[in-house]
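Trainee: Model the following, please.
(6 chains)
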4 protein chains.
Amino acid sequence: MPVQQARARSRQQKILKAAASVFAKRGYQDVGMDEIARASGTSKGGVYFHFPGKDAVLLALLDQTSTLLRRKVEKAIAAADDPVARAEAALHVLLQTLSKHRSLARIFAIEALGAGGRLNQRVMQIQDEFAVLIQAQLDEAIVAGAIPPIDTRVAAQAWIGIFHSVIMRWLTAKERGESSPDLDETYETIRIMLFRSVGADPGHLPGAVQDDRDGQAR
Amino acid sequence: MPVQQARARSRQQKILKAAASVFAKRGYQDVGMDEIARASGTSKGGVYFHFPGKDAVLLALLDQTSTLLRRKVEKAIAAADDPVARAEAALHVLLQTLSKHRSLARIFAIEALGAGGRLNQRVMQIQDEFAVLIQAQLDEAIVAGAIPPIDTRVAAQAWIGIFHSVIMRWLTAKERGESSPDLDETYETIRIMLFRSVGADPGHLPGAVQDDRDGQAR
Amino acid sequence: MPVQQARARSRQQKILKAAASVFAKRGYQDVGMDEIARASGTSKGGVYFHFPGKDAVLLALLDQTSTLLRRKVEKAIAAADDPVARAEAALHVLLQTLSKHRSLARIFAIEALGAGGRLNQRVMQIQDEFAVLIQAQLDEAIVAGAIPPIDTRVAAQAWIGIFHSVIMRWLTAKERGESSPDLDETYETIRIMLFRSVGADPGHLPGAVQDDRDGQAR
Amino acid sequence: MPVQQARARSRQQKILKAAASVFAKRGYQDVGMDEIARASGTSKGGVYFHFPGKDAVLLALLDQTSTLLRRKVEKAIAAADDPVARAEAALHVLLQTLSKHRSLARIFAIEALGAGGRLNQRVMQIQDEFAVLIQAQLDEAIVAGAIPPIDTRVAAQAWIGIFHSVIMRWLTAKERGESSPDLDETYETIRIMLFRSVGADPGHLPGAVQDDRDGQAR
DNA sequence: GATGAATGAGACTTCATTCAT
DNA sequence: CATGAATGAAGTCTCATTCAT
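Mentor: The predicted structure follows:
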């Protein structure tokens, strides 16, 4: 029955969308299945029909989102010219995408990390996946002689860490009494640091041009 | 009544120590006051006599620990020679200290995230405090001409992000099926990246020597 | 879904009935939700599904009971011949009904007092409602010239006070080492006092006849 | 050691006074021993040195107050001229005294009644003691031919009930959204009802004169 | 006598999950 | 497929009472 399957999928999407919204607004821990159900226009039993449990909802959300993100990242990588630019483009597109989906950003950066056990692991795994993508570009860059040899595994993870810190600052600015930082502006500095950190010349790709291209591409 | 006060203080310390242990082992969310009490050799009511609630226990733990850490960091900063080295020494001593107190590291990096908004904010605040320390060194470095001008606020935060990623990898390596990374080795790469990221010459301070000096400073 | 709703309503009734029983037997304060649940053949969570808290159970009990009582009282008022008799009939039927439901009597007169301000207020409100009914009859009696003018508001409240004292004595007789008073006998005296207190002639309605008529009215 | 005994007694009085205040303000159930201790300028252990438990504090308060009240009532009875006036004077002085000590009124009429078991019993006992005093006057009145024969036990209790209702209305007026009733005015009606209820002529003792005399006597 | 830290039973409440309808 | 009533384990917190100092 493809009709029913389609209905089921759409219902699942509705639930995931609603869950993303409430998780971001009130925190994974503080949201009950009741609330997810209500926000989805379903009943508690309905949610349980589609997902085996509360953490499965978040897990599905993480998986679905990370798949989409990875696709975007891969596209961005493919579109860039040289290895280091490719690595940088990966992070840049990640940042730009999440900056447009605050809920998802919060879920990845805070909610799922603090949700304990399985959820935590999955987030780290997803980070790993992105780190691997970046690492591959850095490896190429070394082979190409664009940057000096370095432990690219560690470097890629460090880049993810930088990225994470930017997102966190942005997400928690209001709660900390700061004005929300301008991400584009912040990223100017960040890109320079990324390039320099691996020994690449930040000057060989003028920031403004890069930014414009990226912005239009999406 | 210094006698009773002394007893109270020692009991508080006992509770905090026990709490650190159980929070790290089984997660803030999964630990009940029962468990904290049992681990402290106290009763539930005893814990509540000293702390108004479970989150207050974690809060006290964070505050106490962060104070100690800041002291260490300040000492390390004072002991280093030039501005960039001071900034780097801050992170290095942080890493070395937390690597010796896995429980505390886990609580700062992971558990506090799942403990609700207030705790969350506090962790970010504490990160800010360290960021400010680092930022001050970078500012000096720029004034001294050791590194080119840069948005030191963003840079300091990025450094914290790098540091954070190292800690997270180390904490979750086992759960992710990886072997626990050797932090000293990892840090070799990290330090180079830190220096380079702000345009400093990483070569001017050989790793081994740096390590030794740090060791003596503590 | 009238099926589920029917089940829910019946379950609520079961809970209220059980609560009335245990509250009367062991006192509102000494009864836990555990006990209410057990007595209802439900689980603690089940009680909380239907009532937001322990005091809400008592509140619902008071409301439901007072509605039933008011209906009885209004019927008795309608069945009596002259205004003063109507006022008296109101109290009489109240007494006769509560004397058959000791649990409810105890809950209204004693338990609700120890259940905190809100419940307390509600009981006074309910008393007010009955006082208003009586006051209306006394007002009519004055208009009809059956009794001399008087502050009927105060008078009605005084009647309630008399009624209350009878109930209290009856409820606490055993605990005070007295034999439980015969309410019918006591009421002989009470009725005379009620009539006299407002200047009515108590002789015009012989007790026995009054009693029979009341009995039929119900 | 009479000195120590005196100190002990004064400390007890301080505790009782403080307890009366906090019980009246926040309710017996909601007040903890901590609060009693703090309000007494003592420590929790200090309260336990003087009283075996929380209910013992309230019990002592009830006993002490009721003794004082009984003394006043007996004096008022002795001062009145004829038997019915004596009975009425008992209630009147009770009302006037409690109207000047709202805290105590609330404790007798609400807190202790809702406090369960022993406390409840004691309040009813105390009510009995006053009822007996009144009953004795009514008995004399019957012997003297001032009022027709009646079950004086029931009558006396009914009088107490009327008295209780007046106090309750006065105590809870604010919470019920009413303006606090003027007790003197209310009592005009009440006295007439009291007299009439036992078949006495309320005219034989003009209200105003009676009131003035009573007021001056105290 | 007094203090206040400590106890521990028990209160209320929440919520992920199950399942009859 | 969906509903929502029901479950029950577990959690946080309170507080009368005890007792070492």
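Trainee: element containing A:Lys174, please.
Mentor: For A:Lys174, there is no helix or strand it lies in under DSSP states H and E.
Trainee: Tell me which residues of stretch A:142-161 come out buried.
Mentor: Buried positions in stretch A:142-161, judged by neighbour count with 16 or more other C-beta atoms under 10 Å in any protein chain shown: A:142, A:146-147, A:150-161. C-beta: built from backbone N, CA, C; applies to glycine.
Trainee: Would you point out the most distant pair within those?
Mentor: Using C-beta to C-beta, the buried residues of stretch A:142-161 reach their maximum pairwise distance at A:Ala146 and A:Gly161, which is 22.0 Å.
Trainee: okay, now the domains of chain A?
Mentor: Listed domain ranges for chain A are A:1-52, A:54-204 (source: automatic domain parsing).
Trainee: And those: which comes nearest DNA strand E?
Mentor: With C-beta to the nearest atom of the strand, the closest approach to DNA strand E among the domains of chain A belongs to domain A:1-52: 3.3 Å.
Trainee: So that closest one, near DNA strand E or not?
Mentor: Yes: residues of domain A:1-52 contacting DNA strand E under C-beta under 7 Å from any atom of the strand: A:30-34, A:44-45, A:48.
Trainee: Out of those residues, which are close to DNA strand F?
Mentor: Counting by C-beta under 7 Å from any atom of the strand, A:44-45, A:48 from the residues of domain A:1-52 next to DNA strand E sit close to DNA strand F.
Trainee: top of these by neighbour count?
Mentor: Per-residue neighbour counts (other C-beta atoms under 10 Å in any protein chain shown) across those peak at A:Tyr48, which has 16 neighbours.
Trainee: Show me the shaky parts of chain A.
Mentor: For chain A, the stretches flagged by pLDDT under 70 are A:1-5, A:7, A:203-218.
Trainee: Name the residue of it that lies nearest to DNA strand F.
Mentor: Across chain A, no residue is closer to DNA strand F than A:Gly45, which sits at 1.9 Å (C-beta to the nearest atom of the strand).
Trainee: B:Pro83 versus that residue, what's the distance?
Mentor: Between A:Gly45 and B:Pro83 the computed distance is 62 Å (C-beta to C-beta, to the nearest Å).
Trainee: Contact residues of chain A facing DNA strand E?
Mentor: So chain A meets DNA strand E at A:30-34, A:44-45, A:48, A:53-55 (C-beta under 7 Å from any atom of the strand).
Trainee: If we use 10 Å, what do you get?
Mentor: Proximity of chain A to DNA strand E (C-beta under 10 Å from any atom of the strand) is limited to residues A:28-37, A:43-49, A:51-57.
Trainee: Please pick the buried ones from these.
Mentor: By neighbour count, with 16+ other C-beta under 10 Å, the residues of chain A next to DNA strand E hold A:28-29, A:31, A:33, A:35-37, A:46-48, A:51, A:54-55, A:57 as buried.
Trainee: that older thread, determine which of the domains of chain A approaches chain D most closely.
Mentor: Set against chain D and scored by C-beta to the nearest C-beta, those come closest in domain A:1-52, at 28.6 Å.
Trainee: That closest one near chain C anywhere?
Mentor: No: using C-beta under 8 Å from any C-beta of the partner chain, domain A:1-52 never reaches chain C; the gap is at least 11.2 Å.
Trainee: List the contacts of stretch A:115-131.
Mentor: Where contact means C-beta atoms under 8 Å, 6 or more residues apart in numbering or on different chains, the residues beyond stretch A:115-131 that reach it are A:28-29, A:55, A:58-59, A:62-63, A:66, A:69-70, A:73, A:90, A:94, A:108, A:112-114, A:153, A:156-157, A:159-160, A:164, B:27, B:29-30, B:110, B:114, B:168, B:172, B:175-176.
Trainee: residues of that stretch that come out buried?
Mentor: A:115-116, A:119-120, A:122-124, A:126-128, A:130-131.
Trainee: Narrow those to those in helices?
Mentor: A:119-120, A:122-124, A:126-128, A:130-131 (DSSP state H).
Trainee: Reformat the residues you listed as TSV; add distance to D:Gln137.
Mentor: Converted to TSV, those look like this (distance: C-beta to C-beta, whole Å):
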residue	distance to D:Gln137
A:Leu119	79
A:Asn120	81
A:Arg122	85
A:Val123	84
A:Met124	87
A:Ile126	89
A:Gln127	90
A:Asp128	93
A:Phe130	94
A:Ala131	96
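Trainee: which of the residues you listed lies closest to chain B?
Mentor: Nearest to chain B among those, with distances taken as C-beta to the nearest C-beta, is A:Met124, at 5.0 Å.
Trainee: Get me the contact residues on chain A for DNA strand F.
Mentor: By the criterion of C-beta under 10 Å from any atom of the strand, the positions of chain A lying close to DNA strand F are A:1, A:3-12, A:14-15, A:32-34, A:37-38, A:40-50.
Trainee: Give me the subset of these lying in helices.
Mentor: A:3-12, A:14-15, A:33-34, A:37-38, A:40, A:44-50.
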